[in-house]
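**Student:** Show me how the following folds:
(2 chains)
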2 protein chains.
Amino acid sequence: MEEGLLIVLSGPAGSGKGTVSQLLLRSPDFAFSVSATTRAPRPGEVDGVNYHFITTADFEERIRRGELLEYTNYCGNYYGTLRREAEAILGSGRNLLLEIEVEGAANIKRLRPDAVLIMLLPPSFAVQEQRLRGRGTETEEKIRARLTRSREELDRLPIYDYIVYNRDDGAEACADDVRAIVRAERCSVRRNPDAEKKFFER
Amino acid sequence: MEEGLLIVLSGPAGSGKGTVSQLLLRSPDFAFSVSATTRAPRPGEVDGVNYHFITTADFEERIRRGELLEYTNYCGNYYGTLRREAEAILGSGRNLLLEIEVEGAANIKRLRPDAVLIMLLPPSFAVQEQRLRGRGTETEEKIRARLTRSREELDRLPIYDYIVYNRDDGAEACADDVRAIVRAERCSVRRNPDAEKKFFER
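**Tutor:** Numbering: from 1, shown residues only, chains lettered A, B, ... in the order given. Now for the predicted structure:
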């Protein structure tokens, strides 16, 4: 069984990351990993389904043991991807899709240089601004914070392998780009270093 | 207009290179370049359509002037790709598909490091041998020569970017792999070094 690919999908607010992920996850070729968190379950959330709910002491012990592929602390709670869970998915041949911001992506690239880092972008900053304002749901302050944040995110573009633009033709075209990237990566000579040996032995 | 990609397709005898090329060339996204040659036109061959028929002196002068992207001498005749012709196709936004053996591919990679080198392979040496013998059209000596040649070709695999296996599902799946490779390459950060600048300026 050929291992799945570890796909990291990042993208600033307004890039449509969530929609593209959902489209990809409709296919059995892609899977997501249930995150671990130290925040309390909300009504209706099921342990092992929505999250692995664990204590802060447990989470920090797992960080020390290197059991987290990536993690972040948001509003006093830890969130992260369990390495064991990720490896089980990859081992089953499915591609693991992680929706992660740029710092997490950089960490994953260090731990797993074979990860494929994809940055999803609106066609331009102007369009991004337009999309964020068009939602009409956020304060001016929040919109500005998100736009400032996107400058920092774009600065990290060089650690990424691919850029996918979410143009007007939308999320389905982006999902097709990601599928093509996976197909191409599987063909790459870099990922098949023993191809010559296998060719003659098989 | 975004430039097309320069795609080099190589593959040993029995890899099905010709069939895969023909499938790709059905789409207007791909084009081939009319080669230049010093051999005499055969009955029915049209200058500028089948080949650019030129004299040996002219061909050698063009080699000196660096007008050939790649060339080879086979049975005393030169065959090659005119750089001008290749660049016209790429400039029109179409992907240029060149079916070239390993030495030519290595030359192209030196002249155009942005070329995408794809090696098409039978699933294994055993299958290749089976396919060549199955044709029943070639002498044992010729078959052995081709099989020896494929060992040399496989040795050059590290200069290639991608391997596409022509398995039992055949040429159409290989053409899909090449299309995915082109789509992915267009998304690569390496090919879009000014993406950040463009994002903010556009």
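**Student:** switch to C-alpha atoms for all contacts and neighbour counts from now on
**Tutor:** Fine.
**Student:** interface residues of chain A facing chain B?
**Tutor:** For chain A, the residues found near chain B under the criterion C-alpha under 8 Å from any C-alpha of the partner chain are A:123-126, A:154-155, A:157-158, A:160-164, A:177-178, A:180-181, A:183-184, A:187-190, A:196, A:198-202.
**Student:** Can you tell me which of the residues you listed end up in strands?
**Tutor:** A:Tyr162, A:Ile163, A:Val164 (DSSP state E).
**Student:** neighbours of the closest residue to the last one other than its chain neighbours, just the number please.
**Tutor:** Right, A:Val164. In space, and not counting its chain neighbours, A:Val164 is closest to A:Leu120: 4.8 Å by C-alpha to C-alpha, 6 or more residues apart in numbering or on different chains. A:Leu120 has 23 neighbouring residues, counting by other C-alpha atoms under 10 Å in any protein chain shown.
**Student:** can you give me the helices for chain A?
**Tutor:** A:17-25, A:56-64, A:83-91, A:102-111, A:125-135, A:140-155, A:171-187, A:195-201 (DSSP state H).
**Student:** In contact with A:Val189, which residues are there?
**Tutor:** A:Ala195, B:Leu157, B:Pro158, B:Tyr160, B:Asp161, B:Tyr162, B:Ile163 (C-alpha atoms under 8 Å, 6 or more residues apart in numbering or on different chains).
**Student:** Next one: the first one from B:Val164, what distance?
**Tutor:** Same thing as A:Ala195. Using C-alpha to C-alpha, to the nearest Å, A:Ala195 is found at 11 Å from B:Val164.
**Student:** who has more neighbours, these two?
**Tutor:** In this comparison of A:Ala195 against B:Val164, neighbours counted by other C-alpha under 10 Å, the higher total goes to B:Val164 at 26 against 17.
**Student:** quick one: contacts for that one?
**Tutor:** Neighbour list for B:Val164: A:Cys187, B:Ile118, B:Met119, B:Leu120, B:Leu121, B:Cys174, B:Asp177, B:Val178 [criterion: C-alpha under 8 Å, 6+ apart].
**Student:** so the fifth one makes contact with B:Leu9?
**Tutor:** The one in question is B:Leu121. No: with contact defined as C-alpha atoms under 8 Å, B:Leu121 does not count as touching B:Leu9 (10.5 Å).
**Student:** Measure how far stretch A:129-145 is from the centre of its chain, please.
**Tutor:** 23 Å (C-alpha atoms, centre = their mean, to the nearest Å).
**Student:** Now do the buried residues in that stretch.
**Tutor:** Under the neighbour-count criterion of 16 or more other C-alpha atoms under 10 Å in any protein chain shown, stretch A:129-145 has A:Glu129, A:Leu132, A:Arg133, A:Ile143 buried.
**Student:** Turn these into JSON lines, including pLDDT.
**Tutor:** Conversion of these to JSON lines gives the following (pLDDT from 0 to 100):
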{"residue": "A:Glu129", "pLDDT": "90"}
{"residue": "A:Leu132", "pLDDT": "87"}
{"residue": "A:Arg133", "pLDDT": "88"}
{"residue": "A:Ile143", "pLDDT": "88"}
